[in-house]
Each structure stands twice: as C-alpha cells, then as structure tokens.
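*Asks:* Provide a 3D model corresponding to the input given below.
(chains A, B and C)
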Amino acid sequence: MAERRNGMEMVAEKAIELLIRICGISAIVFVFGIFFFVFREGAPALAKIDLGEFLTGGKWIPTSHQPRYGVGALIVGTLSVTAVAMAIAVPFGLGAAVFVSEFCGRRTRETLKIVIELLAAIPSVVWGFIGLSVMSPLLIHGFHVPVGVNLFNGAILLALMSVPIMVSIGEDALKAVPDSYREAALALGATRWQTVWRVLVPAARNGLLAAVLLGVGRAIGETMAVLMATGHSIRIPETLFDPVCTLTATIAAELGETSKGSTHYQVLFLIGVLLFSITFVVNLAADLVVKGIRKR
Amino acid sequence: MFTATPQVRRKARTEAAARTFFALMAAAMVVPLLAIVGYVVYRGWPVLSWTFLTTNPTHGGTQGGIWSALVGTIYVVFLSLAISAPIGVLAAVYLNEYAKDTWFTRVVNLAVVNLAGVPSIVHGLFGVGAFVYFLNVNGGKKSILAAALTLAVMTLPVIVASTKEALASVPVAFREACWNVGATRWQTIRRIVLPNSISGILTGVILQVSRTAGETAPVMLTGVTTWKMIEQTGLFLYHPITDQCMALSMHLYYIQTQASGAPKALPFAIAAVLIGAVLVVNAASIAVRVALRSRRKW
Amino acid sequence: MTTPAPAIDIQDLRLAYGRREVLHGISFQVPRHAIFGIIGPAQSGKTSLLRCLNRTIDFTAGATTSGTVRVEGADVRSMRNVYELRRRIGMVAPLPVGLPLSVYDNVAFAPRAAGVRSKSELDGLVETCLRQAALWDEVRDRLDSLGTRLSGGQQQRLTIARALSHRPEILCLDEFSIAIDPVTTMRIEDVLKELCRSMTIVLVTNLTQQARRLADRTMFLWNGEVVETGPTEVLFGESPRDPRTRDYVRGVFG
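*Replies:* Sure thing, here's the model as predicted:
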C-alpha cells in the first residue's frame, strides 16, 4: 500500500519523538541535579570547618560567638530513633506481611492493602501532631516520665510510618516464593507455622531484608514527625524517654533562621549531603538485594 | 477412621496460634489507623463546618477558618503535578519505549529507583539551592513556583517508576504486532500502549496528589509561609511567582507548635481536613483502578 | 527465456546479538508468487531471519547485521523509510496476537497508520482482508467485539487479515500453526494456497510435513547456516544433496 501520510504528519511524528526524548533527558538532569545543588551550597563550608569534627564532634552550637558544628549528637539521635523504631516495626511489619501473604483470604487481603495504603498516605505533619497532642500525654501518664516528647514517642511514630512499606515489599517477597515450596512443606506434614518459619522466611530472605532496609531509609529521612515528637533537644540520649534531635529536624528547624552564605547555612546543606549519602546507600543496598533475587 | 491423636491436636493448636499471632500483627496496623482517624475527627468535630473550610483565618491564624491555607495547598499541589506529571509520564515512555538498554539507561533507572527514597528535607534543600537562589524564581525569595518545582522534582521519580510499571504491563507482543504492520513507534504508543496502561498511570499520578498535599518540610523552606493576612475569598488569592502562600500542612505545624491562643479543637480540625483530603484522593485512585480494571481488554 | 527477478534476494547475511553470531552468512533467493518453505529445528535462526527481512531486528538492542538483503530489488539494510518496507511485507507471528481493539480496528489499524481516512475505503479493506483470511463469515456480525476475545484459531486468522490489510507483496508466516488446532490449520493452509497466486509467501515452520504439503521450494536452515535449498520434492525425495537434510525430514534428528 502506498504511503499516504503527508509531510506534516511525519514532521509531527518527529516532533513528538523529540519531545519525549527531551522529557526523558530533562528528568535525568533533575535527578542528578539534586546532589549537585545541595553540594554546591554546602561545599564552601568544607574550607571553614574541620570535617572530622563535623562528623564526630558532639557540640552543635551554631549561633554562639564561637560556633561549633559537630553533628555527632545529631547522628546518634537519628540512629537511636531509627533503631528503636525498627525494633518495633520489623516484627510487626514482617508479621503483618506474613499474615497478608499466607494466612488470610482474598477479601481480607484487599481490605488490609487499602489500610496499608492509607497508613502510608497520612502526612508526616499529621503524625507529628499526633505525637505531640495524643501520644505525649499518654506517655507522661503511662510511664510517669516528665517529658512526653522524646525518643520513644518519635520511634513509635516512625514505626507506624515505616510499617506500610515493609508490609508491601515483604509481601511481594513472600509471594515470589514458588507455591511448590509451600506444597512440598505441607505435604511433608509441616504446619503452616513451620512452613513459614523454616521454608518461606529463608527462601524470601533477601526480599524481607530489602523491605527492612527500605523501612530504615524511610525512618532516617523522616522530618516533620521527629521534629515535633522527639523534643528536639541536642544531646546524646541515655534512656528511652530522653528527648533527642535528628539530622533532618535540625535542618527543618534552623534553615529558616540562617542567611544565605553564612557558615551555619552551608553546614546545614552539608548535613543534607550527609543525609542524601546515607539514604542513597541504604536504598541502593535494598535495590541490589532485590535485583539479586530476580537474577536467581 | 480418623481420630485426633494428641500430636494432631497439638498441631492444630499451634496452627491456630500461629494464625492468631500473625493476625494480631496485622491488627496492630489497622487499630492505630482507625483510632487515630476516629480520635482526630472526634476532637476536631466542634470546629468542623462548611464555614470553617470557606472562611479565611484571622488573628495570626488562630481564629476563623482555613480557606486561604486550603487554596495555597491546592495551588502548590496542582502546579507541581502540572509540571511533574507530563514530564514524568513522557520520561517513563522514553525509558520504557525508546531508550536502548545501555549502561547509561541502567544508571538512569537505578537513579530513578533510588531517588524515590531521598528524604523530603533534602529535596527542600535542593529547592532552596536550585530554584530560590540559582534560578532565582522570585528574586532570591521563597515563592509558590519554587515550592511547586521542588515538589515536582520530588514526585518525578515516583511518577516515572509507577508509569514505567504500567507501561511494562502491556505485552511486548502487541508492540511487535504493530511494528510488523508498519506502525511507527509513536503510533504504537498512542493507539495501543497508552490506552491500555492509562489506569496504572493515572493511579500513580493521583497518589502523588495526596503525597504533595501533605508535604511540609520541603515547601516550608521554598515557598510556604506560616501566616499571611488575606481578606478576599475565591480561588485567586496568590500570584504563583511573586507570592508565598499558606498551606494546610504548614498551618497545622504552626498552630500546634508556635501560635498561641488557638482553640484546642483547631489543630484537630486541620488534621481531620488533611486526613480527609488524603482519604478522598486515595479512594479516587482505588475507584479509577477498579473502574478501568473491569474494562480490561485481554 | 529470462528468469524473473526474485522477490527476495539475500547474499551472505550475517546477524549477531552482541558477540554471539546466530546467522553465519546465509544466501538464498525466493521466487515471486510461490510458497517458499523454511524448515529447521528450534534455535536455528528462522525467526531472526524474518526479523532481518522487515527490519524489526532494529528494535533488538545489540543486534548487528552484514551482507545484502533485497526485497523486490530494494536494499533493505540501507533503506530509510522502514515503515514503507514493513508495509510491503506482511508478518504473522507464531502466537496469535489480537490487538486489544475491536475486530474491525484490528484490521483497519495498519491502513489508518498509513493515512487512510475514508470510511468506505476502510470498510472495503476490512471485509476483503477478513474474507481472504477465511474469517469473515465468523465475525461479520461482531466486528465491534474485542479481537482479544476471539478463540485462538480465530485470532491467528485475524493476525493474517491484519498482515494482509496493508496490501503486502510478500507474506511471511512464522510457525503460524503452533497454537491452533489441526482443523483450523488446514483451513489456513487452503487460504495460503489461494493467496500465493497474487503474492509471494514465505512459510517458516518446524513441521516438515507442512512445508512438504505447501511449499514450491524449501530451504533447510540449521544452526544459522543454509544446509540446502531446492524444489520441495527434491528435499523430501529419495536423494537430497545433503545427507543431513534426509535425516532431518525423516525425523532422525531435530
């Protein structure tokens, strides 16, 4: 059949292809721009402060006459909140993943998935607000502690916030285990509990690990909830009920107070670079772990 | 005949115990959600009304309604998605349909996956560095456009990822059949690939509406202010390039942590509106998914 | 008497996916208005060969070709308008693919993509192609229903109708009977016998008996090399030139 398209149409075709390519490439530019622009604003501080003291120093006094810029306490704050949050979230998240994938019917599963989606969609500022106005009085009365906004409060919120991603990724991992494994275990007379524990969890190990890592990434990066619920006080926590301060919350609380180009401003961007690097490594690890499964 | 030996009975018991155990784990997710939503709505109820939604806040935000904050959120959300949705969808089309499998596209795919996990506060810093100062959108000051651009970059990788997944669900055989009869790549995409992946694409974009509406940290650094006195009502309260706006998420943070003299129910009411908005948006995405799934064509 | 120019003329065609060469310099000619059979076991490069013919090989990353491929005298590898080329070659894939469009739109897809707008012209084309593919009587009352909802055999005939819809000069079928029942296969074979009066047909099959029933000439392709090309009755006769051919058609290996 003879070609009947006129020149205009072929030109339009080429134009659309070009537009799609431009969008593809611009998305890539944006994506790489993130690191560049955060680093660009923060880099000058490297000449003014000692990198070793920045990373390990325990003193964060950015506004005094002799400012000190050590984020050691902030790193400890972030890690402690994340660790406690994971101690709560991992058993519940993976337990719920097992329930959704192995123990419930189709209808319950659909309902639970919607609940998980909603839980994931609740804005972090709302979680922070709940920590401040609901959890804090509960903790004060329940544990007889003087301050309700503390490490434990923030950790509970982060646990609730990171459970959804663990459940959905964990469920995917369990679903990827071939049914023949389950049937073989059940045929040998194993109970479902034994099947889960001895067969499914080992088989889905990598996927479950990725689920946990993504939950960790989510918890480390969370800002508003920890800003509002952890008390935002810069010190190394000694008990579960001490107030702490995290890397993310410090940026959110202090950037508005600084002027562009000041050392304080630049150091806050350096914290951004640090956060970017930490979460990037965690997410990359999760991604590689998942890729590992697909290859096998 | 089958009789229950002690061993069998013990097995049945552990089986039931396991089921209960895991069900409790799942319930530990459902209960807080219901409790929180219920409690927030209960405490906010005295203030919640149509007038509350449609009148502007007064007295530094501590009195009156939330209209100007609501409008600010709408501005930021729709401006950011108007930027990120087309770019993200077309970028996904590029990556899935045009780009060859080279090391470069592999790096890009890896970056897209990982950037979805970059903390929102880092995106906020990026917005400050790139849009407020470098592009100088509003003469070195915060602005709605800078905030929208920041959120657009933040949602871009997620939209790319969900769109790619939707496109990849259309079987390759359909594309090959089209190419074999002399259709160009774009004809194939427009007539076959896009019509059959649109529900997945839409769901992904809609979910970003609720994500951007709730974001606080990045927008408070780039374009949202705590308080702005606004007298007039209607939708045109802000200039998107030269104005900063109020936003619901920021308003909640501000009222709860910094303003004094607000009625106790006010922050609960704001939180209830935010949760309500998220619920409506997610319900919409589920509705789209169900409606379009029932029209599946293969 | 002059021999007419062949419909397809391939000289020393090599194809590699990355470093792995799958076609090792093959040469053959397909005469016009006849059925040309290509037989050979799986993985011998039959499908790859067809993809070189209509340049859909371009979509495979890392595929490189060398040699000469001429279709109706035109050099395929240096051709700029590949869409025009693909319209001159109808291609039927092994598995039936009904596009997720109505039966009518399935057949009208290619003409529309080429710029045909007139409703009456499209109507005529759709009916002609569906008749040629022996499907018209079964679907004439439900042209609006989805192509993907037809039975496997119907979908394969729909695929043939679609391949005919751009009025190709050459029709290539790649193991078309793999997913359909023997009765439907026989019907399509009758269709092909009819069609070869007006076009050249390349029939790739690993059912040697199908080639024997239909093809005027047959080529035996094995591990990316042409073992033998000749009149079908010679290949399937008592003394083909190459002993491997006899072993293969008698089912000794493959």
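
*Asks:* and the strands in chain C?
*Replies:* Ranges of strands within chain C are C:8-17, C:20-30, C:35-39, C:63-71, C:74-75, C:89-92, C:170-174, C:200-205, C:217-222, C:225-231, based on DSSP state E.

*Asks:* how about the fourth one: buried residues?
*Replies:* If I follow you right, that is strand C:63-71. In terms of neighbour count (16 or more other CB atoms under 10 Å in any protein chain shown), strand C:63-71 has its buried residues at C:63, C:65, C:67, C:69-71. Using the backbone N, CA and C atoms, a C-beta is placed for each residue, glycine as well.

*Asks:* and it, C-alpha only, in PDB?
*Replies:* Output of strand C:63-71 as PDB, limited to C-alpha atoms (Å, rounded to 0.1, in the frame of the first residue of the first chain):
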ATOM      1  CA  ALA C  63      21.900  -6.800  17.100                       C
ATOM      2  CA  THR C  64      24.200  -6.200  14.200                       C
ATOM      3  CA  THR C  65      23.900  -7.400  10.600                       C
ATOM      4  CA  SER C  66      26.100  -7.500   7.500                       C
ATOM      5  CA  GLY C  67      25.500  -8.700   3.900                       C
ATOM      6  CA  THR C  68      22.800  -7.800   1.400                       C
ATOM      7  CA  VAL C  69      19.100  -8.200   1.800                       C
ATOM      8  CA  ARG C  70      17.000  -7.200  -1.200                       C
ATOM      9  CA  VAL C  71      13.200  -7.100  -1.200                       C
END
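
*Asks:* need the strands of chain C in TSV (columns: mean pLDDT and distance to chain B).
*Replies:* What follows is those, written out as TSV (pLDDT from 0 to 100; distance: least, CB to the nearest CB, whole Å):
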stretch	mean pLDDT	distance to chain B
strand C:8-17	95	12
strand C:20-30	94	16
strand C:35-39	95	17
strand C:63-71	93	11
strand C:74-75	92	15
strand C:89-92	93	4
strand C:170-174	94	9
strand C:200-205	95	13
strand C:217-222	94	21
strand C:225-231	94	24
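
*Asks:* could I get those as JSON lines with distance to B:Val76?
*Replies:* Shown next, in JSON lines, are the strands of chain C (distance: least, CB to CB, whole Å):
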{"stretch": "strand C:8-17", "distance to B:Val76": "49"}
{"stretch": "strand C:20-30", "distance to B:Val76": "53"}
{"stretch": "strand C:35-39", "distance to B:Val76": "62"}
{"stretch": "strand C:63-71", "distance to B:Val76": "47"}
{"stretch": "strand C:74-75", "distance to B:Val76": "57"}
{"stretch": "strand C:89-92", "distance to B:Val76": "50"}
{"stretch": "strand C:170-174", "distance to B:Val76": "54"}
{"stretch": "strand C:200-205", "distance to B:Val76": "58"}
{"stretch": "strand C:217-222", "distance to B:Val76": "62"}
{"stretch": "strand C:225-231", "distance to B:Val76": "65"}
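
*Asks:* quick one: closest of these to B:Thr54.
*Replies:* Nearest of the strands of chain C to B:Thr54, taken as CB to CB: strand C:89-92 at 61.4 Å.

*Asks:* what is that closest one packed up against?
*Replies:* Strand C:89-92 is packed against helix C:152-164, strand C:170-174, with contacts defined by 3 or more CB pairs under 8 Å, 6 or more residues apart in numbering or on different chains; DSSP states H and E.

*Asks:* mind listing the strands that strand pairs with, and their directions?
*Replies:* strand C:170-174 (parallel) (DSSP bridges).

*Asks:* with just CA atoms, put the partner strand into PDB.
*Replies:* C-alpha atoms of strand C:170-174 as PDB (Å, rounded to 0.1, in the frame of the first residue of the first chain):
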ATOM      1  CA  ILE C 170       5.200 -10.700   0.500                       C
ATOM      2  CA  LEU C 171       3.600 -12.600   3.300                       C
ATOM      3  CA  CYS C 172       5.800 -14.200   5.900                       C
ATOM      4  CA  LEU C 173       4.300 -16.700   8.400                       C
ATOM      5  CA  ASP C 174       6.400 -17.800  11.400                       C
END
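
*Asks:* what angle separates that strand from strand C:200-205?
*Replies:* Counting by axes from the mean of the first three to the mean of the last three CA atoms, to 10 degrees, strand C:170-174 lies at 10 degrees to strand C:200-205.

*Asks:* which residues sit in contact with the residue of the stretch 1-150 of chain A found nearest chain B?
*Replies:* Of all residues in the stretch 1-150 of chain A, the one sitting closest to chain B is A:Pro123 (2.4 Å; CB to the nearest CB). A:Pro123 is in contact with A:224, B:213-216, B:249, B:274, B:278, counting by CB atoms under 8 Å, 6 or more residues apart in numbering or on different chains.

*Asks:* rerun at 7 Å
*Replies:* B:214, B:249, B:274, B:278 (CB atoms under 7 Å, 6 or more residues apart in numbering or on different chains).

*Asks:* which secondary structure element is home to the third one?
*Replies:* B:Leu274 belongs to helix B:265-293 when elements are defined using DSSP states H and E.

*Asks:* do that helix and chain C meet?
*Replies:* No. On the criterion CB under 7 Å from any CB of the partner chain, helix B:265-293 is out of touch with chain C, staying 12.6 Å away.

*Asks:* any buried residues in that helix, and which?
*Replies:* For helix B:265-293, by 16+ other CB under 10 Å, it's B:265-275, B:277-278, B:281-282, B:284-286, B:288, B:292.
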